[in-house]
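In: coords please:
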Amino acid sequence: MNNDFTLGLPKAAVSTAARWRLVLLAFITIVLDGFDTTSISFVVPALAAQWGMPPAAFTPAFVTTSVGAVIGYVVSGPLTNRLGPRAVILSSVGIFALGSFVTALAGSITVLATLRLITGVGLGMVLAPTIAVATDSFPAKRRELITIIVAAGIGFGSILGGVIGGRLITAYGWESVFWAGGIIPLLLLPFLALGLPRGRMGGDANQSNAEKGTVRSLFAGQLAGGTTLLWLFSFCIFTAMYALILWIPTLLLGFGFAPRETAIGTVSMGAGGLLGVMFLIPLFSKLGTARVLVLAALLSVAAILAISYSEPDRIALLLLIAVIGMGLQAGTLGQSALAVSLYPGASRATGVGCAAAAGRIGSIVGPAVGGGLLALNVSSQGAMLAACIPILVAAITAVLIYYRHRRQSNLG
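Out: Numbers count the residues shown, from 1 in each chain. The predicted structure is shown next:
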């Protein structure tokens, strides 16, 4: 792999300050991605009450958000290699900003779901090139850390949405959440246009031009096994993560919370995810990503079991939701870190995007199953308990990833 150049420039020519400015821009971009992704979750309780519909009726809006994101993830890698990360990032931010703004005009579930599909495409397109451009100028040994820092913006964005979402809805109506989700990214665009470098990703000298950046390149040689396990892990962890984070405000209704109070569930889960990242970053460096992912998954399962069987009070419930967020957020960030370390430069954006796409397929399945359980009048505890299944499968997959990596290291 050619590790001497980054986006067309010698790595030695990229100053430390310039590298960290890119990381900051990337982080802010993903914060807004996280805000817009989860905005539908804390809008639904208020919107359901205003439109006189059960929350489960809004399942199509959750599903189309994830369908759009899958489309965005899949196309982001090839587009990044063809056009460069700068063009893809600017385009994707523009798409999800305008999509969010127009969503405020929705007057039916059909229109809402359609606009969330369009918004989701932009939300999906932005992640892979943003991580790629932030990590490309750093040495290989630091890329997993930078990936985790940048991807942590998703959790921070969900916290931001939960903190201001309820207040915006109370003061200005549910539409104001989508107005904010459109205006703020549009204000960021000039800074991205000025701050993002031009050029394309570095490549692997052993790959032909036809192979670079294609999905086929992710299955070349020894990458095939790693790609398969990574996609399975991503699918399972996103299934659980998005089923819970998108339905948690609605599930809190079953624990006695009023509709105006339910956004606190999103805040708790996002805060737990953010704190978890801060605490787990040293462990990622010390124990390795795969082992930390196993521990994080088991931590989430333990918290869900405690909620389902111990009848916690409100404070304990929110703390346990934070623990769930801690474990699942570590998983969603960790899969991106695994992808960054697994693939060479020219395939990195495609690898990150496809792993996230596999996860987002899970994020379609998860909310859909959650909505189906609610439609069947399954209790909030029962719906949360069902999330243990994909989490445990993800934990087993992470164990296999760990032993595969160790075996390859021994052979190497």
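In: residue contacts, the nearest residue to residue 235 once chain neighbours are set aside?
Out: Using CB to CB, 6 or more residues apart in numbering and skipping residues adjacent in sequence, the residue nearest residue 235 is residue 362, 4.1 Å away. Every residue, glycine included, has its C-beta placed from N, CA and C. For residue 362, the contacting residues are 234-240, 242, 390, by CB atoms under 8 Å, 6 or more residues apart in numbering.
In: list the buried residues for stretch 309-321?
Out: The neighbour-count check on stretch 309-321 (16 or more other CB atoms under 10 Å) flags 312, 317-318, 320-321 as buried.
In: closest one of those to residue 125?
Out: Using CB to CB, residue 321 is the member of the buried residues of stretch 309-321 that lies nearest residue 125, at 29.8 Å.
In: helix or strand for the closest one, which one?
Out: Using DSSP states H and E, residue 321 sits in helix 314-342.
In: tell me the angle the next helix or strand after that helix makes with helix 314-342.
Out: For helix 314-342, the succeeding helix or strand toward the C-terminus, using DSSP H and E, is helix 345-375. Counting by axes from the mean of the first three to the mean of the last three CA atoms, to 10 degrees, helix 345-375 points 150 degrees away from the direction of helix 314-342.
In: now helix 345-375: buried residues?
Out: Neighbour counts over helix 345-375 (16+ other CB under 10 Å) mark 345-371, 373-374 as buried.
In: returning to that earlier point: ok, the buried residues of stretch 309-321 vs residue 112, which is closest?
Out: Comparing those against residue 112 with CB to CB picks out residue 321 as the nearest, at 25.9 Å.
In: what distance do you get for that closest one to residue 245?
Out: Distance, residue 321 to residue 245, by CB to CB, to the nearest Å: 10 Å.
In: from the contact counts, what lies against the helix holding residue 321?
Out: Packed against helix 314-342 by the contact rule (3 or more CB pairs under 8 Å, 6 or more residues apart in numbering; DSSP states H and E) you find helix 109-135, helix 140-151, helix 153-172, helix 223-253, helix 263-287, helix 289-310, helix 345-375, helix 388-411.
In: make JSON lines out of those helices and add mean pLDDT and distance to residue 66.
Out: Converted to JSON lines, the helices and strands packed on helix 314-342 look like this (pLDDT from 0 to 100; distance: least, CB to CB, whole Å):
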{"stretch": "helix 109-135", "mean pLDDT": "92", "distance to residue 66": "7"}
{"stretch": "helix 140-151", "mean pLDDT": "81", "distance to residue 66": "17"}
{"stretch": "helix 153-172", "mean pLDDT": "83", "distance to residue 66": "14"}
{"stretch": "helix 223-253", "mean pLDDT": "88", "distance to residue 66": "7"}
{"stretch": "helix 263-287", "mean pLDDT": "78", "distance to residue 66": "17"}
{"stretch": "helix 289-310", "mean pLDDT": "91", "distance to residue 66": "20"}
{"stretch": "helix 345-375", "mean pLDDT": "83", "distance to residue 66": "4"}
{"stretch": "helix 388-411", "mean pLDDT": "86", "distance to residue 66": "15"}
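In: wait, which of those is closest to residue 78?
Out: Taking the helices and strands packed on helix 314-342 one by one with CB to CB, helix 345-375 is closest: 6.7 Å.
In: re the thing from before, the helix holding residue 321 vs helix 153-172, what angle?
Out: Calculated by the same axes, to 10 degrees, helix 314-342 forms an angle of 140 degrees with helix 153-172.
In: show me what counts as buried in helix 314-342.
Out: Under 16+ other CB under 10 Å, the buried positions of helix 314-342 are 317-318, 320-342.
In: ok, longest helix in this protein?
Out: Longest helix in the chain, counting residues (DSSP state H): helix 16-51.
In: that one - what's its average pLDDT?
Out: Per-residue pLDDT over helix 16-51 has a mean of 88.
In: helices and strands around it, which ones?
Out: Applying 3+ CB pairs under 8 Å, 6+ apart, we find helix 16-51 packed against helix 59-83, helix 85-103, helix 109-135, helix 140-151, helix 153-172, helix 175-195, helix 223-253, helix 263-287.
In: list the buried residues in the third one.
Out: This points to helix 109-135. For helix 109-135, a neighbour-count test (16+ other CB under 10 Å) marks 109, 112-135 as buried.
In: thinking again about what came up before, show me which of the buried residues of stretch 309-321 is closest to residue 216.
Out: Closest to residue 216, out of all of those and judged by CB to CB, is residue 321, at 40.9 Å.
In: isn't the closest one up against residue 270?
Out: No - with contact defined as CB atoms under 8 Å, residue 321 does not count as touching residue 270 (9.9 Å).
In: pLDDT wise, what is the nearest residue to residue 36 once chain neighbours are set aside at?
Out: Excluding its sequence neighbours, the residue lying closest to residue 36 (CB to CB, 6+ apart) is residue 181, at 4.4 Å. Here, the pLDDT recorded for residue 181 equals 92.
In: got it, and the one 5 residues further on?
Out: We note a pLDDT of 95 for residue 186 in this prediction.
In: how far away is it from residue 312?
Out: According to CB to CB, residue 186 and residue 312 sit 41 Å apart.
In: can you check residue 100 too?
Out: Residue 100 sits 35 Å away from residue 312, going by CB to CB.
In: ok, now residue 124?
Out: 35 Å.
In: pretty sure residue 353 contacts residue 128?
Out: Yes - counting by CB under 8 Å, residue 128 is a contact partner of residue 353 at 3.6 Å.
In: overlap in contacts of the two?
Out: By CB under 8 Å, 6+ apart, the residues touching both residue 353 and residue 128 are 73, 76-77, 80.
In: quick one on the thing from earlier: would you check how far apart the residue nearest to residue 235 and residue 351 are?
Out: Distance from residue 362 to residue 351, by CB to CB: 17 Å.
In: and residue 279, by the same measure?
Out: Going from residue 279 to residue 351 by CB to CB gives 27 Å.
In: ok, the residue nearest to residue 235 to residue 130 distance?
Out: Using CB to CB, one obtains 21 Å as the distance from residue 362 to residue 130.
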